[in-house]
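# Provided below are the primary sequence and the corresponding predicted coordinates.
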Amino acid sequence: MLDHFPIDLAQFKKLSLDPHNPKLSAEQKTTLLANIQLLRDAIVLFTATGAARGVSGHTGGAYDTVPEVCILLALFEKSNDYVPIVFDEAGHRVATQYILAALEGDLPAERLLHYRAAGSKLPGHPELGLTPGVKFSSGRLGHMWPLVNGVALANKAKTVFCLGSDGSQQEGNDAEAARLAVAQNLNVKLLIDDNDVTIAGHPSEYLKGFDIAKTLEGHGLKVIRVDGEDIDALWRAISTVVSHPGPAAVISKRVMAPGIPDIEGSTHGHDVIPVKAALKYFENRGLPNYSSIYEVIKAATSPYHYIGSSKEVGANRVVFGEAVNLVLDGLTKEEASSKVMVIDSDLEGSTGLKVIHQKHPEVFVPSGIMERGNFSAAAGFGFSVDKSAPEKFGVFSTFSAFLEMVISEVTMARLNDCNVLSHFSHAGVDEADNTCHFGVNNMFADNGLSDVQSFLYFPADPAQMIAIVKSVFFQRGVRFVFSTRSKVPWILKEDGKTRFFENGYQFVPGKDEVILEGTAGYVVSFGEMLYRSYDAVLRCRQEGLDVGLINKPTLNMIDEEIIKKIGRSPFVLVVESFNQKTGLGSKFGTWLLERQLTPRYAYMGTTKEGCGGLWEQIPYQNLDPQSIISKIKQLSK
């Protein structure tokens, strides 16, 4: 059933609109409305396959902005006045780019039914050069308007459009882009979907005072507010800003996912539409029952059985919040609110802060999609105004990929001797979907000089996450704790039953941990690669190769005792899912040589752009146990 797309995209009728005529004819309106409904139906149909295969995805944003997209296509038709690319600064609306690729014949429509599947080249964010027909990489929120400004500077005779959102407009990049667009009078037109929904809730509730129209008007843009579901009003607004010389914006007010009963107006609209909700939508629309499509889609599960770790798995990114709660439980609410501040960046449900919000609201500050400012706020809370007063501690959290966005703020926190604990989830590539969400450059967090220490911690399982947070929560300075998007098993001792990081285990910052002694050489690993490395090491030992295993939970500190121990063995292999060029392995060999230790040395890490899927990313990067075993055997020869 996945070899045929049941909605006939050939029913899409090409239309040409002239911005000098702001009134739609009856025929133009009928065509536009039919095109809008066709594409909305198609987006619901194929994004729901992501829910069916368990890889998630996003429906609401792309569904919302179909009216704007259809109008842009009509403007581009038979006109050279525009850069004919539907730039979009909300990467979650990738379904827009995929449906356009199918309409333009770059992508067979049936391929859409493989949305976000591993190896399908249809990841959760558009990537130029990966997916046929995709014309730009949007990355994370708020990255495209500054780039579009550059496109406008390079194409001054043409109008350039950029789809925006109330979420992306919260990013500081857009404020900078607005200033440049106005100062240079760039012919950039923003079409902003203001649906008052982001991942964590409604900006009107958690970010009071935030008003997109007033903000853009304050920067000097011409702004028109409109009901985005009123096609006549939307066309009048777009034709007006197209005729306006210089930067301008149309802000479309609408509820999230209008016309989809189960998710309309809710935060669930941000995510992928559940199959049941999609089928209900089709029924309400009088469309055929497409359940047979979803019935043949199965979530892909890894067939591999890991030894050395438990069958049970836990989400370290959630356990971080639970561990913080254990610390806060030891304080009165008054002590907690005066001593600790936890700030969110619209990701509390994904990075573990939600449980803190629920149990300790006295320390919690909900905030918007503005990682730089929120990190600095957490650092500022931990800035000592009165040296004689008790110290304060800020807590910040977001995805590891966004660490690259706050490096300058990390420097300022270090220079101001701030106490800030950051949790960066979705580290590495395990279940990370695609490149813009790979958290592989995390070692950049250590920007401390020789006389100032930053601390980078990556626990291997939920038990170690709790131990690390409890140990370092009130540690002074700038500290980072990493976790994966994927769930991980508990590491077991050699008896195969006892959890390694429980039963009296104490975490010591900077101390490497011997999981297994070995005489043939050592594998050094951490985080979600430890249990995979453990499996590979145990299988080598079953074959008579006495390999040892070291867990390095503190990534940027050298344990002199352990490095000398393993450096005198026949080989050392570092296994991680960070960027192979910038990760632990790129540094560990130097540390060995500086101590005149010369074992055979190799390191494995992430080397490729994303492939989509979930667990499939690890074998795609050649980081699965069999690849580790192969490298061990090479070093053992």
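All right, it came through fine. Because the structure is a prediction, the values reported are computed rather than measured. Numbers count the residues shown, from 1 in each chain.

# CA only for contacts and neighbour counts going forward, please
Fine.

# could you pull out the strands for the stretch 351-500 of the chain?
364-365, 393-399, 420-425, 455-457, 478-482, 488-491 (DSSP state E, counting those that start in this stretch).

# which secondary structure elements does the second one contact?
On a contact count with 3 or more C-alpha pairs under 8 Å, 6 or more residues apart in numbering; DSSP states H and E, strand 393-399 meets strand 340-343, helix 348-351, helix 371-381, strand 420-425.

# which stretches in the stretch 51-200 of the chain count as helices?
Taking DSSP state H, counting those that start in this stretch as the test, the helices found in the stretch 51-200 of the chain are 60-64, 66-76, 94-103, 144-154, 172-183.

# same thing with the stretch 301-450 of the chain?
Ranges of helices within the stretch 301-450 of the chain are 316-328, 333-339, 348-351, 353-359, 371-381, 407-415, based on DSSP H, counting those that start in this stretch.

# can I get the ones you listed in CSV including mean neighbour count, distance to residue 244 and mean pLDDT?
Formatted as CSV, these follow (neighbours: other C-alpha atoms under 10 Å; distance: least, C-alpha to C-alpha, whole Å; pLDDT from 0 to 100):
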stretch, mean neighbour count, distance to residue 244, mean pLDDT
helix 316-328, 23, 47, 98
helix 333-339, 16, 50, 97
helix 348-351, 21, 40, 96
helix 353-359, 20, 44, 98
helix 371-381, 23, 33, 98
helix 407-415, 18, 37, 95
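
# out of the ones you listed, flag the one nearest residue 136.
Among the helices of the stretch 301-450 of the chain, the nearest to residue 136 by C-alpha to C-alpha is helix 371-381 (23.4 Å).

# thinking again about what came up before, okay, the helices and strands packed on strand 393-399 in CSV with distance to residue 535 next?
Below are the helices and strands packed on strand 393-399 laid out as CSV (distance: least, C-alpha to C-alpha, whole Å):
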stretch, distance to residue 535
strand 340-343, 37
helix 348-351, 28
helix 371-381, 37
strand 420-425, 24
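
# closest one to residue 94 among the ones you listed?
Each of the helices and strands packed on strand 393-399 has some distance to residue 94 by C-alpha to C-alpha; the shortest is helix 348-351, at 20.0 Å.

# pLDDT score assigned to residue 447?
pLDDT for residue 447: 83.

# hmm, it is touching residue 456, no?
No - under the criterion of C-alpha atoms under 8 Å, residue 447 makes no contact with residue 456, lying 10.8 Å away.

# the more surrounded of those two?
Higher neighbour count among residue 447 and residue 456: residue 456, with 22 against 16, using other C-alpha atoms under 10 Å.

# quick one on the thing from earlier: residue 16 is nearest to which of the helices and strands packed on strand 393-399?
Closest of those to residue 16 is helix 371-381, at 41.0 Å (criterion: C-alpha to C-alpha).

# who are the packing partners of the closest one?
Counting contacts by 3+ C-alpha pairs under 8 Å, 6+ apart, helix 371-381 packs against strand 340-343, strand 393-399, helix 407-415.

# CA atoms only: put stretch 266-279 into PDB for me.
Listed next in PDB are the C-alpha coordinates belonging to stretch 266-279 (Å, rounded to 0.1, in the frame of the first residue of the first chain):
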ATOM      1  CA  SER A 266      -3.700  22.600  21.100                       C
ATOM      2  CA  THR A 267       0.000  22.000  21.600                       C
ATOM      3  CA  HIS A 268      -0.600  18.500  20.200                       C
ATOM      4  CA  GLY A 269      -1.000  20.200  16.800                       C
ATOM      5  CA  HIS A 270       2.700  21.000  16.900                       C
ATOM      6  CA  ASP A 271       3.500  17.300  16.800                       C
ATOM      7  CA  VAL A 272       2.600  14.600  14.400                       C
ATOM      8  CA  ILE A 273      -1.100  13.900  14.100                       C
ATOM      9  CA  PRO A 274      -2.100  10.500  15.600                       C
ATOM     10  CA  VAL A 275      -3.400   8.000  13.100                       C
ATOM     11  CA  LYS A 276      -6.800   7.900  14.800                       C
ATOM     12  CA  ALA A 277      -7.100  11.700  14.600                       C
ATOM     13  CA  ALA A 278      -6.100  11.600  10.900                       C
ATOM     14  CA  LEU A 279      -8.700   8.900  10.100                       C
END
